[in-house]
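K.L.:
Show me how the following folds:
(one chain, ligands or ions: 1)
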Amino acid sequence: MRPKVLIIDDNEHSLDVIASLILKAQLTPVRATSLTAAQHVFSRSAPEDFLCAVVDYRLPDAPIGQAIDFTLASFLPTIVTTASLDADTRAGILNKNVIDYILKENEQVYEYLSVLLSRLHKNKSLGVLVVDNARVSRNRITSLLRRHNFMTYEAMTGQQGLESLTRYNHIKLVIVANDLPDSSGIKILSEIRQRAKKEDIAVIGLADSGDTGLSARFIKSGANDYLAQPYGQEEFLCRIMQNIEYIENIELIRRAANSDFLTGLPNRRHFFERVAAATQLAPICQCLALIDIDHFKKINDTYGHDCGDYTLREIAKLVSSTFSQHIPARFGGEEFCVFMPNIGLQTAVKIFDDFRQALADIEFKFEGKVFHCAVSIGVTALEHGGVNGMLRKADEYLYQAKNTGRNRVEHDPIRAS
Ligand SMILES: Nc1nc2c(ncn2[C@@H]2O[C@H](COP(=O)(O)OP(=O)(O)OP(=O)(O)O)[C@@H](O)[C@H]2O)c(=O)[nH]1
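P.N.:
Coordinates of the predicted model:
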């Protein structure tokens, strides 16, 4: 079920705009036009169904932010919207531990709300590690991060911080102070950089605002950013978001570069990278298979290219789920490749034959057309030939399978053990 977002606003236009943004972020809007209505709606729902609330500061039955107190008391992360804001009210709102506030000045601010909403959703699975021996500073940082739904981890020493990084691979951001009981932030940063690049884990160094030397040392030692203390809540969050988005954008680019556009499977280039890494760990006992769809041209010619694409995607799904423990890839056209480290030929041949049979049994359905498909497979466990030697051998077997009737698995002789 999609998480819900409670909107409390007495202006119908605002309600409509915010509800449409919530839907765009793949969330479910729940509307209330007053505090009383919100209390009623909320009392009839499970609190954990809600991701957050978007609350108008001034409502007829809650003129000075009482609706915010209600959502916060109900443990709902809260974004405040308001048509006008003086400095005192702004400070008062931020003191209430809300996520952020939005001035309803123009339509563009809703874009910002849209970004905030999708971030809140994504942040749930992102880990942030705070390495700081000073309790007050550490608590302030983690409380700000939790408001934005991040999973937070705290470390008082450098050693604890490094241990957390080893244990939790969803930590994507580290905030580190320089004064640590067992080390310095700069040293910890250099240890982090030996394990992960700037594009994999972002590091923000904490420095005193007067200490420009330290902030420069952090950056020169591989930090993505620094934060000068004391900092405001809004500046803190802007820097966090900027660094998290940097990591995510790199991840998106990497994924696009490594996957086949049509099927999402790893592409040929990424396949070779993964195989190289796997063969270093398991240099013996490995198998490689080439899988080629039989008479695929006929599917294109008979049912159209879109149906051909659909068939490729469906077969790729089966390849991906069947060989999730191995290294599958789309090699191009109607050909797939699977590399299996740590598996003997006999077991591999059985797995590929089961796969071939399962695929032959599938009834493909596309826009009213129903048809079957089959694959031919060549499998080799040739040792010492390297991956290119294995590919050549698997291709010979594939050719043999095609020439001896298709819908078959051909392979190296299986030696009696
Ligand atoms: N729809 C679609 N077709 C593709 C794609 N890539 C390659 N093809 C088509 O795949 C077909 C491959 O045809 P052939 O190489 O003759 O092989 P086949 O018809 O599968 O015959 P055999 O391999 O001998 O069983 C060609 O018609 C290509 O246009 C793709 O991404 N989408």
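K.L.:
next one: stretch 163-174 to chain centre, how far?
P.N.:
15 Å (CA atoms, centre = their mean, to the nearest Å).
K.L.:
what ranges do the helices span in the stretch 201-350 of the chain?
P.N.:
Using DSSP state H, counting those that start in this stretch, the helices of the stretch 201-350 of the chain run over 212-220, 233-258, 268-281, 296-303, 305-322, 345-361.
K.L.:
Turn those into CSV, columns for mean neighbour count.
P.N.:
Where you see a C-beta, it was placed from the backbone N, CA and C, and this is true even at glycine. Below are those laid out as CSV (neighbours: other CB atoms under 10 Å):
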stretch, mean neighbour count
helix 212-220, 15
helix 233-258, 15
helix 268-281, 15
helix 296-303, 15
helix 305-322, 17
helix 345-361, 16
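K.L.:
Adding distance to the ligand, write those out as JSON lines.
P.N.:
Formatted as JSON lines, these follow (distance: least, CB to the nearest ligand atom, whole Å):
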{"stretch": "helix 212-220", "distance to the ligand": "45"}
{"stretch": "helix 233-258", "distance to the ligand": "17"}
{"stretch": "helix 268-281", "distance to the ligand": "13"}
{"stretch": "helix 296-303", "distance to the ligand": "3"}
{"stretch": "helix 305-322", "distance to the ligand": "3"}
{"stretch": "helix 345-361", "distance to the ligand": "14"}
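K.L.:
ranking those helices by mean pLDDT, which is last?
P.N.:
Among these, helix 268-281 has the lowest mean pLDDT, at a mean of 88.
K.L.:
helices or strands next to it in the packing?
P.N.:
helix 233-258, strand 327-332, strand 335-341, helix 386-403 (3 or more CB pairs under 8 Å, 6 or more residues apart in numbering; DSSP states H and E).
K.L.:
circling back: adding distance to I175, write the helices of the stretch 201-350 of the chain out as TSV.
P.N.:
Listed next are these as TSV, based on distance: least, CB to CB, whole Å:
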stretch	distance to I175
helix 212-220	11
helix 233-258	8
helix 268-281	31
helix 296-303	52
helix 305-322	36
helix 345-361	46
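K.L.:
Nearest to V98, out of these?
P.N.:
Taking CB to CB, helix 233-258 is the member of those nearest to V98, at 9.7 Å.
K.L.:
how many other residues sit next to S125?
P.N.:
Counted with other CB atoms under 10 Å, the neighbours of S125 add up to 11.
K.L.:
Going forward, the N-terminal residue is numbered 42.
P.N.:
Yep, numbering from 42; the last one is S166 now.
K.L.:
shaky segments in the protein?
P.N.:
Where the chain drops to pLDDT under 70, the residues are 322-325, 425, 457-458.
K.L.:
mind redoing it with 50?
P.N.:
Counting by pLDDT under 50, the chain shows no low-confidence range.
K.L.:
Pull up the residues of it that are close to the ligand.
P.N.:
With CB under 6 Å from any ligand atom as the criterion, the chain comes near the ligand at residues 303, 333-338, 341, 346, 349-350, 353, 374-375, 443, 447.
K.L.:
Give me the buried positions along stretch 225-236.
P.N.:
Residues S225, G226, I227, I229, L230, I233, R234 are the ones in stretch 225-236 that count as buried (16 or more other CB atoms under 10 Å).
K.L.:
Just the ones of these in helices?
P.N.:
Among the buried residues of stretch 225-236, the ones falling in helices (DSSP state H) are G226, I227, I229, L230, I233, R234.
K.L.:
now for these, which pair is the farthest apart?
P.N.:
Most distant of these, by CB to CB, are G226 and R234, 12.4 Å apart.
K.L.:
Near the closest residue to the ligand within the stretch 42-191 of the chain, how many residues? Count them for me, please.
P.N.:
Using CB to the nearest ligand atom, the point where the stretch 42-191 of the chain gets nearest to the ligand is Q67, with a distance of 28.5 Å. Per other CB under 10 Å, the neighbour tally for Q67 reads 11.
K.L.:
Against V46, how distant is it?
P.N.:
For Q67, the distance to V46 (CB to CB, to the nearest Å) stands at 11 Å.
K.L.:
how about the helices in the stretch 92-241 of the chain?
P.N.:
Counting by DSSP H, counting those that start in this stretch, the helices of the stretch 92-241 of the chain are 107-114, 128-136, 149-164, 176-188, 199-208, 226-236.
K.L.:
Quick one: those as JSON lines, columns for distance to H452 too.
P.N.:
Formatted as JSON lines, these follow (distance: least, CB to CB, whole Å):
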{"stretch": "helix 107-114", "distance to H452": "63"}
{"stretch": "helix 128-136", "distance to H452": "67"}
{"stretch": "helix 149-164", "distance to H452": "44"}
{"stretch": "helix 176-188", "distance to H452": "53"}
{"stretch": "helix 199-208", "distance to H452": "41"}
{"stretch": "helix 226-236", "distance to H452": "40"}
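K.L.:
OK, contacts around the nearest residue to V172 once chain neighbours are set aside?
P.N.:
Once flanking residues are discounted, V172 sits nearest to G202: 3.7 Å by CB to CB, 6 or more residues apart in numbering. Counting by CB atoms under 8 Å, 6 or more residues apart in numbering, G202 touches L170, V172, A196, V215, V217, I229.
K.L.:
ok, G202 to the ligand distance?
P.N.:
The spacing between G202 and the ligand, counted by CB to the nearest ligand atom, to the nearest Å, is 47 Å.
K.L.:
Against K45, how distant is T363?
P.N.:
Remark: distance between T363 and K45 (CB to CB) = 37 Å.
K.L.:
Likewise for P271?
P.N.:
36 Å.
K.L.:
quick one: which of these two has more around it?
P.N.:
The residue with more neighbours, out of P271 and K45, is K45; 19 against 10, by other CB under 10 Å.
K.L.:
Who does that one form a beta bridge with?
P.N.:
T69, F91 (DSSP bridges).
K.L.:
mind listing what it touches?
P.N.:
L68, T69, P70, V71, S86, D90, F91, L92.
K.L.:
Could you tell me which of these count as buried?
P.N.:
Members of the contacts of K45 that pass the buried threshold by neighbour count (16+ other CB under 10 Å) are listed as L68, P70, V71, F91, L92.
K.L.:
Apart from its neighbours in sequence, what residue is nearest L206?
P.N.:
Leaving aside its sequence neighbours, L206 sits nearest to I212 (CB to CB, 6+ apart; 5.8 Å).
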